[in-house]
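K.L.:
Starting from these lines, generate the structure:
(2 chains)
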Amino acid sequence: KQEVTQIPAALSVPEGENLVLNCSFTDSAIYNLQWFRQDPGKGLTSLLLIQSSQREQTSGRLNASLDKSSGRSTLYIAASQPGDSATYLCAVRVTDKLIFGTGTRLQVFP
Amino acid sequence: DTGVSQNPRHKITKRGQNVTFRCDPISEHNRLYWYRQTLGQGPEFLTYFQNEAQLEKSRLLSDRFSAERPKGSFSTLEIQRTEQGDSAMYLCASRPPGLENEQFFGPGTRLTVL
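P.N.:
Numbers count the residues shown, from 1 in each chain, chains lettered A, B, ... in the order given. Reported below is the predicted structural model:
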């Protein structure tokens, strides 16, 4: 059974810091991995999608890497801003559904 | 707006009542998914459709839950005889054909059962 774990569960940092959020999964048989952002009480916004054959994806200040063989992904956020405050979820696609981690709650203070 | 839409956005009901939620996927997306998210947890898969066919249901989907997608466009999720444990955010997502394409999520329907 696929299980997805995210560490840390919560993170509070001052503005400007570079951050690394971690995601691990138990079964390497995945189609892809997505990172999402979720603001309180809201739906999910897709940030980055990494196919199983890819090693990383970048979008602006965000960079996500994937090491399928070790069951790990990291989301790197450069020069964090207060507007980055949200919960970040990773999800792996297994068959035709997503299996989510429990998220990392990020707070960036001025 | 061409994104996934869900209605209502919020629903408050009393225990034992029936509720129905609607999801309108992005046009041309043949796959539609329902997930449930409780407070402090990640979303959990409930069921999904390819066109009008319901292809997979999670064990989380008890007999009180039923989902339909009658014409392969919008979908409804009905919960009968609601319980307090049904309180959650219900998320809908859609995906176009193609193995590598991502799922796009709607804003969710927040259900509170009193």
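
K.L.:
give me the number of residues near B:Thr109?
P.N.:
Using other Cβ atoms under 10 Å in any protein chain shown, B:Thr109 has 23 neighbouring residues. Any C-beta I mention is one placed from the backbone N, CA and C, and that applies to glycine too.

K.L.:
ok, now how distant is the residue in chain A that chain B sits nearest to from A:Glu17?
P.N.:
Nearest to chain B in chain A, going by Cβ to the nearest Cβ, is A:Phe100, at a distance of 3.2 Å. Distance of A:Phe100 to A:Glu17, computed by Cβ to Cβ, to the nearest Å: 26 Å.

K.L.:
Comparing those two, which residue is more hemmed in?
P.N.:
Of the pair A:Phe100 and A:Glu17, A:Phe100 is the one with more neighbours under other Cβ under 10 Å, namely 22 against 12.

K.L.:
if I pick that one, what's in contact with it?
P.N.:
Residues near A:Phe100 by Cβ atoms under 8 Å, 6 or more residues apart in numbering or on different chains: A:4, A:89-91, B:42-44.

K.L.:
now those residues in a markdown table, with pLDDT, secondary structure and neighbour count?
P.N.:
As requested, these are exported to a markdown table (pLDDT from 0 to 100; DSSP: H, G, I helix; E, B strand; the rest coil; neighbours: other Cβ atoms under 10 Å in any protein chain shown):
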| residue | pLDDT | secondary structure | neighbour count |
| --- | --- | --- | --- |
| A:Val4 | 97 | strand | 24 |
| A:Leu89 | 98 | strand | 25 |
| A:Cys90 | 97 | strand | 31 |
| A:Ala91 | 97 | strand | 28 |
| B:Gly42 | 94 | coil | 22 |
| B:Pro43 | 96 | coil | 28 |
| B:Glu44 | 96 | strand | 17 |
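
K.L.:
Among those, which pair sits farthest apart?
P.N.:
A:Cys90 and B:Glu44 (14.6 Å; Cβ to Cβ).

K.L.:
What residues does chain B have near chain A?
P.N.:
Residues of chain B found near chain A (Cβ under 8 Å from any Cβ of the partner chain) are B:31, B:33, B:35, B:40-45, B:48, B:55-56, B:89, B:91, B:93, B:99-100, B:102-108, B:110.

K.L.:
residues touching the residue in chain A sticking out farthest from the centre, list them.
P.N.:
The outermost residue of chain A, judged against the average C-alpha position, is A:Pro110 (22.7 Å), by Cα atoms, centre = their mean. The neighbours of A:Pro110, taking Cβ under 8 Å, 6+ apart as the test, are A:14-15, A:82.

K.L.:
redo that, cut-off 10 Å
P.N.:
Contact analysis of A:Pro110 by Cβ atoms under 10 Å, 6 or more residues apart in numbering or on different chains lists A:14-16, A:81-82.

K.L.:
So which of those are in helices?
P.N.:
Using DSSP state H, no member of those falls within helices.

K.L.:
from the residues you listed, which is closest to A:Gly71?
P.N.:
Closest approach to A:Gly71 among those (Cβ to Cβ): A:Gln81, at 30.3 Å.

K.L.:
Which pLDDT does the model give B:Ile12?
P.N.:
B:Ile12 carries a pLDDT value of 98.

K.L.:
phi, psi of it?
P.N.:
Backbone geometry at B:Ile12, expressed as degrees, to the nearest 10, gives phi -110, psi 130.

K.L.:
hey, what's it bridged with?
P.N.:
Assessed by DSSP bridges, B:Ile12 has beta-bridge partners B:Thr112.

K.L.:
Done for today, thanks.
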